[in-house]
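A.B. asks: Following is a predicted model, sequence given first.
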Amino acid sequence: MTSDPLNSLARASSSYLRSAMHQPIQWHEFGEEAFAAARLADKPVLLDIGAVWCHWCHVMDRESYDDAEVAAIVNEHYIAVKVDRDERPDIDSRYQAAVAALSGQGGWPLTAFLTPDGKPFYGGTYFPPADAYGRPSFKRVLLSIAQAYRDKHGEVLEQAQMVESAILRAESFSGDGKVSATVIDAIVESARTMFDQVNGGFGSAPKFPHPAALDLVMDEYVRTQTGNDGAGNEELRTIFVHTLEKMARGGVYDQLAGGFHRYSVDERWIVPHFEKMCYDNSELLKNYVHAYQATGDEFFAGVARDIIQWMDEWLSDRAHGGFYASQDADYSMDDDGDYFTWTLEETKAALTENEAAVAAHYYDIQEVGDMHHNPAKNVLYIRNSVEETAGRLNLPEEQVGVLLAAAQKKMYTARLLRPTPYVDKTVYTGWNAMCVSAYLQAAKVLDLAEARHFALRSLDRLLSEGCGAERGMKHVIAYSDASSDPTAERREVSVPGVLDDYAFAVIACLDAYEATADLSYFRFARAIGDAMVAGFFDPASGGFFDTRGAADGALNEKAALGILGTRRKPFQDSPTPAGNSAAAIALLRLHGYVNDSSNNDASYRDRAEQTLEVYAGVAGQHGIFASTYGLAVMHFIQPHTQVVVVGEDEAAAKLYRAAVRPLGLSTAVQRLDADKVVAQNLPPALAQTIPNLPALREGRSFAVVCSGFTCQPPIFDAQELARALSAL
């Protein structure tokens, strides 16, 4: 018996691409070889873009790309190209924009039809194997498009040109606006309007978390709560408190292991899409830490610790440092969240009678559950409190708590025996930087030494393996080790870093500098920030392109494959914080340590301002999808604030705790020993002031609050420091 022949994806590095190497489709990776074949054969290109965690990508693989009849049609009429959207965000973003222009929708799997030179002329997302869901069958689409390409070639080329022009128009911004705090008001008002007062969150189903919007609302709440409009402040508090509570008690949160699934398909946060992404959990981790800072509610701190525990267990390379990309939703093609869901019988089999009774009431586990493919399956969510469960079962609350804890432990142990969804162990630069920042923020506020240690190890790996003086940053630090055929030879690839990789890395390095006072992290931040400006900044119109070639002229429309020459300046948050907004924040934070305003138009602050001006005229219209832009504007209009605690004794520890306890998204806090200050182991702006303070000679621990490059007199008492920060 011979094994099925492998297609060319057997040589791919990406886990998603390699998962298709046994399909009968003659797949190519995106590259000159594929488009040369299309030009030689004068065939259109079928482009499939997906991800290893994407449920509907797996569905379409099983229904269509594994099918011999579909494969025969594709192989006869098309050159087939498959792309991993995580590995190549530059390809994905452009063809998403193209298909959105064609069909009004995007998402994954993305199915696009291209001319032999890569210009899109038709597309959609998921196509069913038979006419269904108001969509034509994939076979019918394939045959119709092939016929149109042959018989209406001129119209196809005209359509491709129109799509390319639409993409260019969509990415053009006037850049004639002025940066103003009014955009923050507009975005916060959008959050107020979209807020679901019953279920929390924004809008209706499907419901996504929108972490940047929650951060912006929290920041606005903290900044205005001492003002005169108390009622308005309470409204802001309700938005983020209600949302974060509902999410953490919903099925979108893994009630047994911790960590958030990607989004909820219903408005109540109960039934999720079950994949878990490292970047969703990094940004939500920050949300819960910030909510704890804003409210003092230990509930939020507990959720933050649980997120870290889950990430430590499932998405962390404990041996080398680094965060893995994602955990899949399913373990097989026939699965739909079965690993995470429970029947009543499964619950009873894992628990004692009393434990099962408590768990069933607390988590609302019924005979008829929540999943369409298997109605007996229940998504675990907190339907009833411990108090309500105790009352219903006529048990003491303390006993219910003990039984519930035992049930959670046993159910998780039983779940671990099930077939486990695949963990993509690819280590992406930008996503790792986001996780490093989140861990360092949580470690700072919640005093988590191990989280701090692992974050720094991970950042060290990022800097050593992901950065190079000649090649710049890499987008992929390490690929996942999964391979169904260990004898297959992988093609070595090095994907260049995109804007997000640079911007998030600068922010992570600054977070690490503030956490450690190790000046080498600041130097890395500055070097990466300078490289980001040199490689991505548009000196003519302001703002940053998403790829290096678009900025330095090395990549132009004629030389680029497909539509990769289309210049893009990412602005909206989707699904991660927008690259331009993150870059502006990175530059503004660098400026706070460098004070380089004397460099005319070349200062970090000037570059940030030029970036923000590009979108100033339209940002408010995008509502919560421009929330990271709103955070960048907040950094721009608020004087940068740094709290430097000098000393190593308990008094210094109290001052440090007082400094990190309140929420201040634009406030940097670091702790130094006196020797480092005297040796001027400081960045330029602080080196101008801190070493000259008379308090250094007194031998006492103290804190200095600096705002706008002006430092207040030293503070020796933690309560006084708290009052000073509140006044700011």
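C.D. replies: Cool, the structure landed. Numbers count the residues shown, from 1 in each chain.
A.B. asks: State the next helix or strand along the chain beyond the helix-or-strand element of the chain with minimal mean pLDDT.
C.D. replies: Between all helices and strands in the chain, the lowest mean by mean pLDDT, DSSP states H and E belongs to helix 548-552, at a mean of 65. Scanning forward in sequence from helix 548-552 by DSSP states H and E, the next helix or strand is helix 579-594.
A.B. asks: Quick check: the residue nearest to the spatial centre of the chain vs Arg192, distance?
C.D. replies: A centroid search over the chain (CA atoms, centre = their mean) returns Tyr279, at 3.2 Å, as the residue closest to the centre. Distance, Tyr279 to Arg192, by CB to CB, to the nearest Å: 26 Å. (Glycine included, C-beta is placed from N, CA and C.)
A.B. asks: And Asn681, by the same measure?
C.D. replies: Note on Asn681: its distance to Arg192, by CB to CB, is 46 Å.
A.B. asks: roughly how far is the helix or strand harbouring the residue nearest to the centre of the chain from the heart of the chain?
C.D. replies: Under the criterion DSSP H and E, the helix or strand holding Tyr279 is helix 278-295. Between the mean C-alpha location of helix 278-295 and the chain-wide mean there is a distance of 12 Å, by CA atoms, centre = their mean, to the nearest Å.
A.B. asks: buried stuff in the next helix-or-strand element following that helix?
C.D. replies: Taking DSSP H and E as the definition, the helix or strand that follows helix 278-295 towards the C-terminus is helix 298-314. For helix 298-314, the buried set under the neighbour-count rule, 16 or more other CB atoms under 10 Å, comprises 299-301, 303-308, 310-312, 314.
A.B. asks: which one of those is nearest Ala205?
C.D. replies: Each of those was scored against Ala205 by CB to CB, and Val303 proved nearest at 22.8 Å.
A.B. asks: how much space between that closest one and Asn378?
C.D. replies: Going from Val303 to Asn378 by CB to CB gives 22 Å.
A.B. asks: same thing with Pro577?
C.D. replies: When CB to CB is the yardstick, Pro577 and Asn378 sit 34 Å from each other.
A.B. asks: the more surrounded of the two?
C.D. replies: More neighbours sit around Pro577 than around the other of Pro577 and Asn378, counting by other CB atoms under 10 Å; the figures are 28 against 25.
A.B. asks: excluding its backbone neighbours, what's nearest that one?
C.D. replies: Closest residue to Pro577 in three dimensions, ignoring its sequence neighbours and counting by CB to CB, 6 or more residues apart in numbering: Thr628, at 4.1 Å.
A.B. asks: Now the element after the helix or strand hosting the one you found, going C-ward?
C.D. replies: When elements are assigned from DSSP H and E, Thr628 belongs to helix 627-637. Past helix 627-637, heading to the C-terminal end, the next element that is a helix or strand (DSSP H and E) is strand 641-646.
A.B. asks: Packing partners of that following strand?
C.D. replies: Using 3 or more CB pairs under 8 Å, 6 or more residues apart in numbering; DSSP states H and E as the contact criterion, the elements in contact with strand 641-646 are helix 650-660, strand 667-672, strand 702-707.
A.B. asks: Between those, which one is closest to Thr347.
C.D. replies: For Thr347, the closest of the helices and strands packed on strand 641-646 is helix 650-660, at 41.4 Å, according to CB to CB.
A.B. asks: that older thread, of all pairs in the buried residues of helix 298-314, which one is the farthest apart?
C.D. replies: Going by CB to CB, the two entries of the buried residues of helix 298-314 that are most distant from one another are Phe299 and Trp314, at 22.8 Å.
A.B. asks: got any ranges where the stretch 551-700 of the chain has weak pLDDT?
C.D. replies: Within the stretch 551-700 of the chain, the set of residues satisfying pLDDT under 70 comprises 551-559, 598-601, 676, 678-680.
A.B. asks: Kindly recompute the last result at 50.
C.D. replies: By pLDDT under 50, the weakly predicted segments of the stretch 551-700 of the chain are 554-558.
A.B. asks: Just give the closest residue to Asp196, not the sequence neighbours.
C.D. replies: Using CB to CB, 6+ apart, the closest residue to Asp196 is Glu267 (6.4 Å).
A.B. asks: What pLDDT is listed against the one you found?
C.D. replies: pLDDT, the model's per-residue confidence, is 97 for Glu267.
A.B. asks: Run through the residues that contact it.
C.D. replies: With CB atoms under 8 Å, 6 or more residues apart in numbering as the criterion, the residues that contact Glu267 are 196, 199, 201, 204-205, 207.
A.B. asks: Any regions of this structure where pLDDT drops low?
C.D. replies: By pLDDT under 50, the weakly predicted segments of the chain are 1-2, 228, 482-485, 487, 554-558.
A.B. asks: in the stretch 301-450 of the chain, which spans are strands?
C.D. replies: With DSSP state E, counting those that start in this stretch as the definition, the stretch 301-450 of the chain shows strands at residue ranges 326-327, 423-424, 427-428.
A.B. asks: Please work out which residues outside the last one touch it.
C.D. replies: The set of residues that contact strand 427-428 without belonging to it, under CB under 8 Å, 6+ apart, is 86, 317, 322-325, 461, 475-478, 501.
A.B. asks: What of the first one?
C.D. replies: Defining contact as CB under 8 Å, 6+ apart, one finds that strand 326-327 is touched by 51-53, 86, 275-278, 314-315, 421-424.
A.B. asks: Can you tell me the strand partners of that strand and which way each runs?
C.D. replies: Looking at strand 326-327 with DSSP bridges, its partner strands are strand 276-277 (antiparallel), strand 423-424 (antiparallel).
A.B. asks: Just put the ones you listed in a markdown table and tack on mean neighbour count.
C.D. replies: Converted to a markdown table, these look like this (neighbours: other CB atoms under 10 Å):
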| stretch | mean neighbour count |
| --- | --- |
| strand 276-277 | 25 |
| strand 423-424 | 22 |
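A.B. asks: Of all those strands, which one comes closest to Ala407?
C.D. replies: For the strands paired with strand 326-327, the distance to Ala407 is smallest for strand 276-277, at 22.3 Å, taking CB to CB.
A.B. asks: can you put the contacts of strand 326-327 in JSON lines and add distance to Asp117?
C.D. replies: Conversion of these to JSON lines gives the following (distance: CB to CB, whole Å):
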{"residue": "Ala51", "distance to Asp117": "26"}
{"residue": "Val52", "distance to Asp117": "29"}
{"residue": "Trp53", "distance to Asp117": "31"}
{"residue": "Asp86", "distance to Asp117": "26"}
{"residue": "Glu275", "distance to Asp117": "34"}
{"residue": "Lys276", "distance to Asp117": "38"}
{"residue": "Met277", "distance to Asp117": "33"}
{"residue": "Cys278", "distance to Asp117": "36"}
{"residue": "Trp314", "distance to Asp117": "42"}
{"residue": "Leu315", "distance to Asp117": "39"}
{"residue": "Pro421", "distance to Asp117": "38"}
{"residue": "Tyr422", "distance to Asp117": "35"}
{"residue": "Val423", "distance to Asp117": "38"}
{"residue": "Asp424", "distance to Asp117": "32"}
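A.B. asks: From those residues, pick the one nearest Tyr253.
C.D. replies: Each of the contacts of strand 326-327 was scored against Tyr253 by CB to CB, and Lys276 proved nearest at 10.3 Å.
A.B. asks: The closest one - nearest residue in space that isn't next to it in sequence?
C.D. replies: In space, not counting the residues next to it along the chain, Lys276 is nearest to Gln327; the distance is 4.5 Å by CB to CB, 6+ apart.
A.B. asks: now Ala41
C.D. replies: Nearest one to Ala41, counting by CB to CB, 6+ apart, is Ile79 at 6.9 Å.
A.B. asks: Distance-wise, check that neighbour relative to Leu456.
C.D. replies: For Ile79, the distance to Leu456 equals 46 Å [CB to CB].
A.B. asks: Glu576: what's it in contact with?
C.D. replies: To be clear, residue 576 is Thr; Glu isn't right here. For Thr576, the contacting residues are 279, 283, 430-431, 434, 500, taking CB under 8 Å, 6+ apart as the criterion.
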